[in-house]
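# Sharing a sequence plus its predicted fold:
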Amino acid sequence: MPDPKATDAQIEADPVIDTRLVRKLAGILTATGLTEIEVEQGALRIRVARQASQITMAAPLPVAHAPAHVAAAAPVAAADAPAAAPARGEPVKSPMVGTTYLSPQPGAEPFVKVGDKVTAGQTILIVEAMKTMNPIPAPRSGTVLQVLVTDGQPVEFGEPLLVLE
């Protein structure tokens, strides 16, 4: 394990994997439902990802039931709807992996709702990453056409959060 008093130069010269950090990152994956997380410090880069086989093992259970086949067709149609929406508006994408929060605190009014007019730089939601609340600003002024995420939903880097007209 790296010496907590070691300088960045010492860490870069002798990168040693901190197993506590790896376990903490794995815990974040489990707690948030994310599939991958990566951190970098100097020359040391740690990426923790769930194996695809773990994710696909959970999927066969709903598929085994006949009603699940009908339900499986609905998400495909729902996935096509957000893709069609950017033709009328511009998606605002997540700049990081984390958990979305639509309001400044539990029980408070959301930052924005469908139909709200926003100005460039106005906070539209929060993405929590590694216990840090990151306000996500509107990239430009416009009207909120769609909110594509729910409160407390895990998001990946580049995932559309909402659509601005």
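Thanks, I have the structure now.
# what residues are up against the residue nearest to residue 162 when sequence neighbours are not counted?
Leaving aside its sequence neighbours, residue 162 sits nearest to residue 147 (C-beta to C-beta, 6 or more residues apart in numbering; 4.8 Å). Backbone N, C-alpha and C define where each C-beta goes, glycine included. Residue 147 sits next to 102, 112-114, 161-162 when contact means C-beta atoms under 8 Å, 6 or more residues apart in numbering.
# any idea which of those is closest to residue 34?
Closest approach between those and residue 34, by C-beta to C-beta: residue 161, at 15.4 Å.
# The helix or strand where the closest one lies pairs with which strands?
Using DSSP states H and E, residue 161 sits within strand 160-164. Counting by DSSP bridges, the strands paired with strand 160-164 are strand 90-93 (antiparallel), strand 142-147 (antiparallel).
# Need those strands in CSV (columns: distance to residue 41).
Converted to CSV, the strands paired with strand 160-164 look like this (distance: least, C-beta to C-beta, whole Å):
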stretch, distance to residue 41
strand 90-93, 26
strand 142-147, 35
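# okay, the residue nearest to residue 137 when sequence neighbours are not counted: pLDDT?
Leaving out its chain neighbours, the residue that sits closest to residue 137 by C-beta to C-beta, 6+ apart is residue 121, at 4.8 Å. Looking at residue 121, its pLDDT stands at 92.
# isn't there a strand covering residue 121?
No: using DSSP: H, G, I helix; E, B strand; the rest coil, the secondary structure at residue 121 is coil, not a strand.
# That one against residue 138, yeah?
Yes: counting by C-beta atoms under 8 Å, residue 121 does reach residue 138; the two are 6.6 Å apart.
# Please say which of those two ends up with more neighbours.
Taking other C-beta atoms under 10 Å, residue 121 and residue 138 do not tie; residue 138 has more neighbours (21 against 12).
# Return the residues in contact with that one.
Contacts of residue 138 by C-beta under 8 Å, 6+ apart are 92, 118-124, 164.
# change it to 7 Å
92, 118-122, 124, 164 (C-beta atoms under 7 Å, 6 or more residues apart in numbering).
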